[in-house]
Structure formats: structure tokens, C-alpha cells
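> Any chance you could fold what I've pasted below:
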Amino acid sequence: MNPTLHDQLKQWKKDKATVEKERKRNEKKKNRYHKQEKRTEKLSTYDVMNLMGMNRQTLKRGKGGAYKQK
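A predicted model of the protein is given here:
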């Protein structure tokens with residue numbers, strides 16, 4: 001005899017709860033052994049100026065239309 005829909009839902013809920021418990025338990029184990037460290041990137045003033053483009057070569061148009069370094 002087939003179980004009623006109500007009984008099937010109870011069984012599904014019970015199975016889902018056990019699966020969720022196992023998943024959480026596995027995540028806890030994984031996090032316990034593999035803690036990720038936060039890496040903060042420290043940039044020097046030269047690096048920041050370089051990122052902003054302040055250390056670029058400046059060119060000026062000279063006689064005859066040629067570019068020359070300023």
C-alpha cells in the first residue's frame with residue numbers, strides 16, 4: 001500500500017534534516033582545518049603614485065610635429 005502524501009512529506013523532511021546536519025558537520029570540519037587568512041596588501045607611496053599614473057612619461061609636440069620628452 002502506498003503511503004499518503006502527508007506521510008511522504010514527513011519522511012522527506014526527516015531525510016532532508018539528516019542531510020543538512022551532515023553538510024553542516026562537514027563544513028565545520030573543513031573550516032576548522034582550513035582557516036583562510038586575510039591578506040592585506042600594503043602599497044608603498046611609489047606604488048600608489050604609479051597606479052594613479054603620476055610616473056608616466058610626459059611628451060610634448062616639437063617642431064615638425066615630432067613628440068619630444070618634456
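> Regarding the chain, what is its longest helix?
helix 5-33 (DSSP state H).
> per-residue confidence averaged over that helix?
Here helix 5-33 scores 83 as its mean pLDDT.
> I would like the residues contacting stretch 37-53, please.
Stretch 37-53 is contacted from outside by N55, using C-beta atoms under 8 Å, 6 or more residues apart in numbering. For the C-beta atoms, the positions are set from N, CA and C on the backbone; glycine is no exception.
> What are the buried residues along stretch 43-61?
Across stretch 43-61, burial judged by 16 or more other C-beta atoms under 10 Å covers no residue at all.
> Using PDB, write down the CA coordinates of that stretch.
Extracted in PDB, the C-alpha atoms of stretch 43-61 (Å, rounded to 0.1, in the frame of the first residue of the first chain):
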ATOM      1  CA  LEU A  43      51.400  49.500  -1.100                       C
ATOM      2  CA  SER A  44      54.200  52.000  -0.900                       C
ATOM      3  CA  THR A  45      53.800  55.600  -1.900                       C
ATOM      4  CA  TYR A  46      55.700  54.800  -5.200                       C
ATOM      5  CA  ASP A  47      53.200  52.000  -6.000                       C
ATOM      6  CA  VAL A  48      50.200  54.200  -5.300                       C
ATOM      7  CA  MET A  49      51.600  57.000  -7.500                       C
ATOM      8  CA  ASN A  50      52.400  54.500 -10.200                       C
ATOM      9  CA  LEU A  51      48.800  53.200 -10.100                       C
ATOM     10  CA  MET A  52      47.400  56.700 -10.400                       C
ATOM     11  CA  GLY A  53      49.700  57.300 -13.400                       C
ATOM     12  CA  MET A  54      51.800  60.100 -12.000                       C
ATOM     13  CA  ASN A  55      55.100  58.500 -13.100                       C
ATOM     14  CA  ARG A  56      54.200  58.500 -16.800                       C
ATOM     15  CA  GLN A  57      56.400  60.000 -19.400                       C
ATOM     16  CA  THR A  58      55.200  63.400 -20.500                       C
ATOM     17  CA  LEU A  59      55.600  64.200 -24.100                       C
ATOM     18  CA  LYS A  60      55.300  67.500 -26.000                       C
ATOM     19  CA  ARG A  61      54.900  68.100 -29.600                       C
END
